[in-house]
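# Quick one: sequence and predicted model below, then my questions.
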Amino acid sequence: MRLSGFFSLDSDHVLISCILCWSSRILGTLLPSRVKKKEDLSVNADVPVLHFSQAKHNLCSPQYFWKYSEVLEMAALHTFLKSNQQTIPGLHSDTQENCPLTPGKLKLERSSYVSRLWNRWCLTSITWAKIFVWGFVLVALMAGFLFKLILINHRVVPTNSWGGLSWQMQIKHSCHTKREGGLVVLVTGGAGFVGTHVSLALKKRGDGVLGLDNFNNYYDPLLKRSRQQLLKRHGIFVVEGDINEEILLKMLFDLVTFTHVMHLAAQAGVRYALENPASYVNSNIAGLVKVFEACKSANPQPSIVWASSSSVYGLNAKVPFTESDRTDQPASLYAATKKAGEEIAHTYNHIYGLSITGLRFFTVYGPWGRPDMAYFSFTKNILQGRPITIYQGANESNLARDFTYIDDIVQGCVAALDTAEKSTGSGGKKLRPAALRVYNLGNTSPVSVPTLVNIIEQLLKVKAIRKIVRMPQNGDVPYTHANVTLARTELGYNPTTDLRSGLKKFVKWYLSYHNEGITI
Ligand SMILES: O=C(O)[C@H]1O[C@H](OP(=O)(O)OP(=O)(O)OC[C@H]2O[C@@H](n3ccc(=O)[nH]c3=O)[C@H](O)[C@@H]2O)[C@H](O)[C@@H](O)[C@H]1O
């Protein structure tokens, strides 16, 4: 059972504190029977456990009292007795004089019923009943602690997922290269749309590939499981875990010397940020930092290629979008987190010498795609005879996207990995300046959304029921168009698939996937 990371949880601190506190109380309850002589009853105002005999006029005969962490109560009693010209037999005189109190400010109040019951309980001598009750409380707390320990370990270390010889063997096997100078790549978001395609492309040419995916339910996890099966058939293992699990990342980096990290795990989707903003911060910012941290600490450090987005151009009106254009007007939280990612990349490059390449993807589509995207949901709804909603911009203008086919994107990703310079840090320190790059990966020919629908209708041979509405304030931008000159020059990137050809392949996959009886 692994304990690392466990004790950092606040609730556990509380639980452990409870156990210690109640253990001391139990011991304390059992001890008073041994405190019999007056000389044992000196009070130190600095010590929270107070023993003193009670003044004659108060209640009945002198008895032994003791309390916990109640300096104020003692002080209040002291004030009361002083103002009534009383002393407390059994207390050292200097303690009576030096009590930390301000006469007149505190009032002696009659203790509560529960408190009196508690005192009476404490004053009785040791009994088997008392031992039994306290023993029971202690055992219950320990049981709660152990139960939580098991639960947390179950969550952090799913029995069928992390650790063990077989798990390590699968990782090693998946990372095995089959060509001279082959890359060893950790693909985060490995069971995602782009992650699956990039992993397959790398594996096919003989690189070692390990996937990492949390299989979250942003869209149907069954599709991710199907992609995982596909990857498995090609010898690619996908570790089930989140990029925010630092322990897992450390385990993977300890186990494998990755030459590259293809970081594709992210919270995607522009409009979903209105529903679940925290997931964007968690994955696209916190998760990105965790990945960079793991890479920075690795020795040797891998080179990193990661997915930024065309959405960083935001409200930029200048088209086509070029890498040097302004990106300080994000229209959605998704865009803002991707922009933040680019700035974070700059920091890790600057401080730690990580070689980092950001790729701004332009509305990627194709087989095994994401069901939340328009081309996918339109296909599904048209086939099911359900209406589709088409957004329009100002003055009834059509929205348009530089839809980019997955194979072209894969080509750009692989080229970015191949051309990435090595990171220059070691032992968490930069030794010399490292490469920091950003490229547009688009198709360079925007198509309007109604045209997209026309093509899908023709391919499906089914008419869409169109519902045209004014674009809501949901983070959408009216138009995207990539200038890919830089990627063309430096990566040899060359998109070749037009929207009709790409959608044809998508529809073919969609129909065959559903004919196999899998529902999305
Ligand atoms: O390039 C990116 O960086 C992003 O690309 C993608 O975002 P978008 O370009 O918004 O793609 P997508 O949702 O397919 O909507 C396409 C068009 O259909 C319109 N649209 C959408 C839904 C609908 O019901 N109706 C509609 O008209 C809609 O208004 C839009 O005009 C990725 O999802 C995102 O993760 C990110 O990678």
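Structure received. Since the model is a prediction, treat every value here as computed from it, not as a measurement.

# pLDDT of the helix or strand containing Ala340, averaged?
Assessed by DSSP states H and E, Ala340 sits inside helix 333-352. Here helix 333-352 scores 98 as its mean pLDDT.

# what's the angle from the next helix or strand after it to helix 333-352?
Counting by DSSP H and E, the next helix or strand C-terminal to helix 333-352 is strand 356-361. Strand 356-361 and helix 333-352 are oriented at 160 degrees to each other (axes from the mean of the first three to the mean of the last three C-alpha atoms, to 10 degrees).

# Now do strand 356-361: everything it contacts.
194, 303-310, 312-313, 321, 323, 341-342, 345, 348-349, 404, 409, 412-413, 416, 420, 434-442, 482 (C-beta atoms under 8 Å, 6 or more residues apart in numbering). In this view, the C-beta of every residue, glycine as well, is placed from N, C-alpha and C.

# how deep is the closest residue in space to Ala340 that isn't next to it in sequence tucked in, by neighbour count?
Closest residue in space to Ala340, ignoring its immediate chain neighbours: Ile285 at 5.5 Å, by C-beta to C-beta, 6 or more residues apart in numbering. Ile285: 17 surrounding residues under other C-beta atoms under 10 Å.

# Make sure Ile285 is indeed in a helix.
Yes: when DSSP: H, G, I helix; E, B strand; the rest coil is applied, Ile285 is found to be in a helix.

# Next, the contact list for it, please.
337, 340-341, 344.

# residues contacting whichever residue of the stretch 401-520 of the chain sits closest to the ligand?
In the stretch 401-520 of the chain, the residue that lies nearest the ligand is Asp476 (4.3 Å; C-beta to the nearest ligand atom). Residues in contact with Asp476, defined by C-beta under 8 Å, 6+ apart, are 270-271, 331-332, 391, 399.

# what do you get for Pro387?
By C-beta under 8 Å, 6+ apart, the neighbours of Pro387 are 381, 464-467.

# what about stretch 334-344, near the ligand?
No: applying C-beta under 6 Å from any ligand atom, one finds stretch 334-344 out of contact with the ligand, separated by at least 6.5 Å.

# Could I get the full set of helices for the stretch 101-250 of the chain?
113-123, 128-156, 165-174, 193-204, 221-233, 246-255 (DSSP state H, counting those that start in this stretch).

# Any chance of TSV for these, columns distance to Ser426, mean neighbour count and mean pLDDT?
Listed next are the helices of the stretch 101-250 of the chain as TSV, based on distance: least, C-beta to C-beta, whole Å; neighbours: other C-beta atoms under 10 Å; pLDDT from 0 to 100:
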stretch	distance to Ser426	mean neighbour count	mean pLDDT
helix 113-123	61	12	64
helix 128-156	30	13	67
helix 165-174	24	14	97
helix 193-204	26	23	99
helix 221-233	32	17	98
helix 246-255	14	17	98
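
# looking at the ones you listed, which is closest to Ser512?
Smallest distance to Ser512 across the helices of the stretch 101-250 of the chain (C-beta to C-beta): 11.9 Å, for helix 221-233.

# Please state the offset of the closest one from the chain centre?
Relative to its parent chain, helix 221-233 has a centroid offset of 22 Å by C-alpha atoms, centre = their mean, to the nearest Å.

# And the contacts of that helix?
190-193, 196, 199-200, 211, 213, 215, 237-238, 368, 371, 513, 518-520.

# What about Leu486, how many residues nearby?
For Leu486, using other C-beta under 10 Å, the count is 16.

# immediately after the helix or strand hosting it, which helix or strand?
Following DSSP H and E, one finds Leu486 within helix 485-491. Using DSSP H and E, the helix or strand that directly follows helix 485-491 along the chain is helix 499-515.

# CA atoms of that following helix as CSV?
Extracted as CSV, the C-alpha positions of helix 499-515 are listed here (Å, rounded to 0.1, in the frame of the first residue of the first chain):
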residue,chain,number,x,y,z
LEU,A,499,-13.2,19.3,-46.3
ARG,A,500,-15.3,17.1,-48.7
SER,A,501,-12.6,14.3,-48.9
GLY,A,502,-12.0,14.4,-45.1
LEU,A,503,-15.7,14.3,-44.3
LYS,A,504,-16.2,11.4,-46.7
LYS,A,505,-13.6,9.4,-44.6
PHE,A,506,-15.3,10.5,-41.4
VAL,A,507,-18.8,9.4,-42.5
LYS,A,508,-17.5,6.1,-43.7
TRP,A,509,-15.9,5.5,-40.3
TYR,A,510,-19.0,6.8,-38.4
LEU,A,511,-21.3,4.4,-40.2
SER,A,512,-19.0,1.4,-39.8
TYR,A,513,-18.4,2.2,-36.2
HIS,A,514,-22.2,2.2,-35.5
ASN,A,515,-22.9,-0.8,-37.6
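
# where does the protein have low pLDDT?
Residues of the chain meeting the criterion pLDDT under 70: 1-126, 145, 147-160, 516-520.

# domains in it, as residue ranges please.
Listed by automatic domain parsing, the domain ranges of the chain are 6-154, 157-515.

# Over to Met262: give its phi and psi.
phi -100, psi 100 (degrees, to the nearest 10).

# ugh, wrong one, I meant Leu288
Dihedral angles for Leu288 - degrees, to the nearest 10 - are phi -60, psi -40.

# residues near the nearest residue to it once chain neighbours are set aside, how many?
With sequence-adjacent residues excluded and distances taken as C-beta to C-beta, 6+ apart, Leu288 is closest to Gly341, at 5.1 Å. Neighbours of Gly341 under the rule other C-beta under 10 Å: 25.

# Gly341 contacts Phe292, correct?
No: look at Gly341 against Phe292 with C-beta atoms under 8 Å: they stay out of range, at 9.6 Å.

# how near is the nearest residue to Gly425 once chain neighbours are set aside to Ala420?
Closest residue to Gly425 apart from its sequence neighbours, by C-beta to C-beta, 6+ apart: Gly353 at 3.4 Å. Using C-beta to C-beta, to the nearest Å, Gly353 is found at 13 Å from Ala420.

# Likewise for Ile388?
40 Å.

# same thing with Ala294?
Counting by C-beta to C-beta, the gap from Ala294 to Ala420 is 17 Å.

# Skipping its backbone neighbours, what lies nearest Lys338 in space?
Closest to Lys338 by C-beta to C-beta, 6+ apart is Ser309, at 4.3 Å.

# likewise Ser332?
That would be Gly475: by C-beta to C-beta, 6+ apart, it lies 2.7 Å from Ser332.

# what secondary structure does the one you found sit in?
coil.

# pretty sure it contacts Leu274?
Yes: look at Gly475 against Leu274 with C-beta under 8 Å: they come within range, at 7.0 Å.

# which of those two has more neighbours?
Relative neighbour count places Gly475 above the other of Gly475 and Leu274, with 20 against 14, counting by other C-beta under 10 Å.

# residues in contact with that one?
For Gly475, the contacting residues are 270-271, 273-274, 331-335, by C-beta under 8 Å, 6+ apart.

# again, 10 Å this time
Contact partners of Gly475, counting by C-beta atoms under 10 Å, 6 or more residues apart in numbering, are 269-274, 311, 314, 330-336.

# Weed out the non-buried ones from these.
The neighbour count (16 or more other C-beta atoms under 10 Å) marks 269-270, 272-273, 311, 314, 330-336 as buried among the contacts of Gly475.

# Taking the residues you listed together, which two end up most distant?
Farthest apart among those - using C-beta to C-beta - are Tyr272 and Gly314, which lie 17.3 Å from each other.

# residues in contact with Tyr280?
266-269, 272-273, 286, 332-338, 340.

# is it fair to say it lies in a helix?
Yes: assessed by three-state DSSP, Tyr280 belongs to a helix.

# who in the protein is up against the ligand?
So the chain meets the ligand at 268-270, 309-311, 361-363, 373-374, 389-391, 399, 401, 449, 476 (C-beta under 6 Å from any ligand atom).

# Taking their axis directions, the host helix or strand of Val438 and helix 333-352 sit at what angle?
Following DSSP H and E, one finds Val438 within strand 436-441. With the same axes, to 10 degrees defining the directions, strand 436-441 sits at 150 degrees from helix 333-352.
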